[in-house]
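Undergrad: quick one, what's the 3D model for this:
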Amino acid sequence: MDVDKAIRTAVDGGKVEFGTRSGKRGVGKAKLMILSSNCQDETKKEMEAACAKANVPVHVYSGTSIELGSVCGKPFAVSVLTVLDAGTSNILELAVKK
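TA: The predicted structure is shown next:
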């Protein structure tokens with residue numbers, strides 16, 4: 001699976017939210033949480049704990065927040081990407097692979 005393409009398809013055709021605050025608010029509705037590789041340790045721990053409570057899978061993106069933002073087509077860094085609805089993307093396959 002091309003992770004970058006799957007993320008972009010989810011952003012374009014599904015429902016996603018960007019940012020730590022949105023991630024914390026939307027963790028109960030999330031299908032998958034994606035964190036950048038350089039996400040702050042404190043944020044990463046908070047998000048992983050919240051996701052564990054809500055039984056939401058977490059995927060750590062191999063690139064930085066700048067690269068994740070670029071993949072999403074955004075002109076800003078994205079440390080936390082919350083996937084609420086994948087649309088036609090196969091991004092939820094990341095939730096199964098561990």
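
Undergrad: what separates the residue most central in space within the chain from R8, distance-wise?
TA: Centroid check for the chain by CA atoms, centre = their mean gives I34 as the closest residue, at 2.3 Å. For I34, the distance to R8 (CB to CB, to the nearest Å) stands at 12 Å. Glycine gets a C-beta too; all of them are placed from N, C-alpha and C.

Undergrad: and what of A30?
TA: Going from A30 to R8 by CB to CB gives 18 Å.

Undergrad: neighbour-wise, which of these two wins?
TA: Taking other CB atoms under 10 Å, A30 and R8 do not tie; A30 has more neighbours (24 against 17).

Undergrad: which other residues reach the helix or strand of the chain with the lowest mean pLDDT?
TA: When the helices and strands of the chain are compared on mean pLDDT, DSSP states H and E, helix 93-96 comes out lowest with a mean of 82. Surrounding helix 93-96, the residues in contact under the criterion CB atoms under 8 Å, 6 or more residues apart in numbering are M1, V3, A6, K31, L32, I34, P57, H59.

Undergrad: correct me if wrong: the second one contacts V60.
TA: Just to be clear, that refers to V3. No: between V3 and V60 there is no contact under CB atoms under 8 Å: 11.0 Å.

Undergrad: and the strands in the chain?
TA: In the chain, the segments counted as strands under DSSP state E are 15-18, 32-35, 58-60, 80-85.

Undergrad: helices or strands up against the third one?
TA: Secondary-structure packing of strand 58-60 (3 or more CB pairs under 8 Å, 6 or more residues apart in numbering; DSSP states H and E): strand 32-35, helix 41-54.

Undergrad: can you tell me the strand partners of that strand and which way each runs?
TA: In the sheet, strand 58-60 lines up against strand 32-35 (parallel) (DSSP bridges).

Undergrad: average model confidence for the strand it pairs with?
TA: For strand 32-35, the mean pLDDT works out to 97.

Undergrad: report the buried residues of that strand.
TA: L32, M33, I34, L35 (16 or more other CB atoms under 10 Å).
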